[in-house]
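In: missing the sequence, but the structure's below:
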Ligand code: SF4
Ligand code: SF4
């Protein structure tokens, strides 16, 4: 729920994930000065900054970027990373000391066979796993009572959604602070995968781990609305409403579906909601969410 | 594992007092802390000359997170006190009852006495349900406990004449009339000034008042100690002097339900603290109402060297707050938090999960709105329906269900089903961490 301003550091990566959106960006690497300028452009209050890529940790100037973010007054610095570089304890210690204390580790599955096939690098899950394990044991230098924040981001794809429950069970054993499921599939039907997603949410809860979903509209998350990330923060990617949304009670604040899914089955699968006992409460919650992108820091209550 | 530490257990004393009534007061506290409540009891008992040589009383503190009843029993098995007193709160009740049970097994003739806010309001229930418990001290304990020891050690008076106790006799539970709280708090000798407790850095609490003028439905203090009783300024001054002069003590806490309730007193206390606090020790926490904070308050808190304060709002929803009878003015609260932050004082904001009238989305909105005030730290806790509070006494009125056993967690309310409360708890843990883990 803490709003992080997101800065894209460039698409260079040590993995070769299939259908990686960053690789398609056409921006291999942005210069340090460009990134510092992007960070400085964010208006107050600067609650947090998220460095995403590509793989931010393969930049040789990553520590300097973190220090720059710190000097700019960001109290929370987060990295979205595939986690493999964190398996090196000395490097991790450097990161933590420099001021990076929030991590979002992206992985596809808890099974090396699946994960490594998607990441294109054999042995990568083992390293990611080792990185998470190290992070979970780490304490923040100088603050023996505080540990870094460790979130997991699972991009949902055709090839990992079926084994999602197994992935969740493997992950909860590492006790991450939170798991986010992010819908990224262009071709698959969301409805068909919903049972696996619901199952995953419930497994995480049973194992006392909080879970959020991204890019899955409220109407498809019936009874699991509280897990919809967009209720707490505006969507990370551009969203649009579709024709059916006109008949939905959530239309005045729901961002709709990801723009990139407009031409997929998702646009036909959404189910306008006719009533909700929580309409009022959700409306006041959503009103006043704050943006976390490079494009500003304004209230974004009336999206859509 | 941290070893339990003993505040007082001198062998010499024990030798002299061969025939004395042995009493041990045990407290399971948060890690590293010691029980101020037991310190008061000992200081009050010791003040009584007639008891000083008749009672051999020692205090022992354990950490509720790291120590268990068998460790406490190990300690007790060497001393085998005739009277075992347990300091009871909702969060240490389970271990207290276990200790009572196993100590009774090795010392059937002992008298096991419970006291504290968890047991006072439902003393008879604890006595009925726990054969190992012999007696419960209800309400404020100092005067009652001293009278009880006079009866036990010196044969003074009859048990039934001691007000404020419940006990079992021939299988029946008997409660004597309530005892009014001690009117003049200075009557209770200071555990620090009498040497009963040795101040230690970060975990020393100086109490400035008891009671509260408000009556929040979930709170014990306002309901059971209505009206505020003050320790004299002279007494507070001497206690703080002693605390800050103790080598190694760089910080301490104040105990006061609303430290900034009365501006005039705050002015006097702030000046007094700044005068005696020659070493520049910090006040780590004190509870305040942020609604009442203005520029002068922040100056006074700084003068007193208050490093951080703890405040509500518990929820941001006016209707829930009204139902809870909690004073709250949103604008004044927001302004108060801002002023405190600008003055460089850390602000801990508390939110309670599961208040009647709230639901998941409303709780999430509370988080969002409180985050926007940019407090230093967010603290979430699930509602504990504490014995003696309005919520405990009349759950149907609040549409509330809770666990009858300590720590009395809320189960659900008419507006907040269990599955949502459970989710709210699960969400609050990462949210608190995400917010609180940050660079200075
Ligand atoms: S507005 Fe559209 S996308 Fe959003 S919940 Fe309603 S139907 Fe679904
Ligand atoms: S919660 Fe605070 S203000 Fe309310 S009655 Fe209790 S001590 Fe007083």
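Out: Cool, got the structure. What you see is a predicted model; the values in this text were computed from it and never measured. Ligands and ions are numbered 1, 2, ... in the order given.
In: when you work out contacts or count neighbours from here on, use the C-alpha atoms and nothing else.
Out: Will do.
In: what's next to stretch A:255-263, contact-wise?
Out: The contact list for stretch A:255-263, computed with Cα atoms under 8 Å, 6 or more residues apart in numbering or on different chains, reads A:186, A:215-217, A:230, A:234-235, A:237-242, A:245, A:266-267, A:303-304.
In: give me the subset of these touching ligand 1.
Out: A:217, A:241, A:245 (Cα under 6 Å from any ligand atom).
In: how about a markdown table for those residues, with pLDDT, neighbour count and distance to residue B:233 added?
Out: Compiled in a markdown table, these are given as follows (pLDDT from 0 to 100; neighbours: other Cα atoms under 10 Å in any protein chain shown; distance: Cα to Cα, whole Å):
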| residue | pLDDT | neighbour count | distance to residue B:233 |
| --- | --- | --- | --- |
| A:217 | 94 | 22 | 61 |
| A:241 | 94 | 19 | 65 |
| A:245 | 95 | 22 | 66 |
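In: so which of these are in helices?
Out: Using DSSP state H, no member of these falls in helices.
In: picking that back up, now list the buried members of the contacts of stretch A:255-263.
Out: Neighbour counting with 16 or more other Cα atoms under 10 Å in any protein chain shown marks A:186, A:215-217, A:230, A:234-235, A:239-242, A:245, A:266-267, A:303-304 as buried within these.
In: now the two most distant members of those residues.
Out: With distances taken as Cα to Cα, the most widely separated pair in those is A:186 and A:303, at 23.1 Å.
In: run a quick neighbour tally on the residue of the stretch 151-300 of chain B found nearest chain A.
Out: Going by Cα to the nearest Cα, chain A is nearest to residue B:202 of the stretch 151-300 of chain B, at 14.5 Å. Look at residue B:202: counted by other Cα atoms under 10 Å in any protein chain shown, it has 18 neighbours.
In: sorry, back to before: sort out for me which of the contacts of stretch A:255-263 are in strands.
Out: A:239-240 (DSSP state E).
In: assign residue B:378 to helix, strand or coil.
Out: strand (DSSP: H, G, I helix; E, B strand; the rest coil).
In: buried stuff in stretch B:68-88?
Out: B:68-69, B:72-73, B:76, B:80-88.
In: how about residues contacting it?
Out: In contact with stretch B:68-88 (Cα under 8 Å, 6+ apart) are residues B:21-28, B:37-38, B:62, B:95-96, B:98-99, B:102-103, B:106-107, B:109-119.
In: which among the residues you listed end up buried?
Out: Buried among the contacts of stretch B:68-88 by 16+ other Cα under 10 Å: B:21-28, B:37-38, B:62, B:95-96, B:98-99, B:103, B:107, B:110-119.
In: grab the longest helix from chain B for me.
Out: helix B:418-436.
In: which secondary structure elements does it contact?
Out: strand A:149-156, strand A:210-214, strand B:346-353, helix B:360-372, strand B:377-382, strand B:410-413 (3 or more Cα pairs under 8 Å, 6 or more residues apart in numbering or on different chains; DSSP states H and E).
In: select, out of the ones you listed, the one closest to ligand 1.
Out: Among these, the nearest to ligand 1 by Cα to the nearest ligand atom is strand A:210-214 (12.5 Å).
In: taking strand A:149-156 as reference, get the angle to that closest one.
Out: 40 degrees (axes from the mean of the first three to the mean of the last three Cα atoms, to 10 degrees).
In: show residues contacting strand A:210-214.
Out: Contacts of strand A:210-214 (Cα under 8 Å, 6+ apart): A:177-183, A:201, A:204-205, A:227-230, A:235, B:423, B:426-427, B:430.
In: check the stretch 51-200 of chain B for the residue nearest ligand 1 and tell me.
Out: residue B:91 (42.4 Å).
In: what does chain B put close to ligand 2?
Out: B:212, B:214-216, B:219, B:221-222, B:257, B:326.
In: closest to residue B:272 out of the ones next to ligand 1 among the contacts of stretch A:255-263?
Out: Among those, and counting by Cα to Cα, the member closest to residue B:272 is residue A:217, at 59.3 Å.
In: who's in contact with the closest one?
Out: A:228, A:254, A:256-257, A:270.
In: do residue B:218 as well
Out: So residue B:218 contacts B:324, B:384-386, B:389-392 (Cα under 8 Å, 6+ apart).
In: ditto for residue B:157
Out: Residue B:157 neighbours (Cα under 8 Å, 6+ apart): residue B:151.
In: phi, psi for it please.
Out: phi 60, psi 180 (degrees, to the nearest 10).
In: next one: it relative to ligand 2, how far apart?
Out: 36 Å (Cα to the nearest ligand atom, to the nearest Å).
In: do the same with residue A:226
Out: Residue A:226 sits 29 Å away from ligand 2, going by Cα to the nearest ligand atom.
In: surely residue A:167 meets residue A:109?
Out: Yes. Between residue A:167 and residue A:109 there is a contact at 5.1 Å, judged by Cα atoms under 8 Å.
In: the closest residue to chain B within the stretch 151-300 of chain A - how many residues pack around it?
Out: Nearest to chain B in the stretch 151-300 of chain A, going by Cα to the nearest Cα, is residue A:285, at a distance of 4.9 Å. Residues within reach of residue A:285, counting by other Cα under 10 Å, total 22.
In: list the contacts for it?
Out: A:231-232, B:361-362, B:364-365, B:368.
In: do any residues in the helix or strand containing it lie close to ligand 1?
Out: In this structure, residue A:285 is located in helix A:279-286 according to DSSP states H and E. No. If you take Cα under 6 Å from any ligand atom as the test, helix A:279-286 misses ligand 1, and the best it gets is 11.2 Å.
In: now the angle from that helix to helix B:360-372?
Out: Using the same axes, to 10 degrees: helix A:279-286 against helix B:360-372 is 20 degrees.
In: what is the mean pLDDT for helix A:279-286?
Out: Computed over helix A:279-286, the mean pLDDT rounds to 93.
In: kindly report the same for stretch B:195-207.
Out: Mean predicted confidence for stretch B:195-207 is 97.
In: count of neighbours near residue 247?
Out: Answering for chain A, as no chain was given. Around residue A:247 there are 12 residues (other Cα under 10 Å).
In: actually, chain B is the one I wanted.
Out: If you count neighbours by other Cα under 10 Å, residue B:247 ends up with 10.
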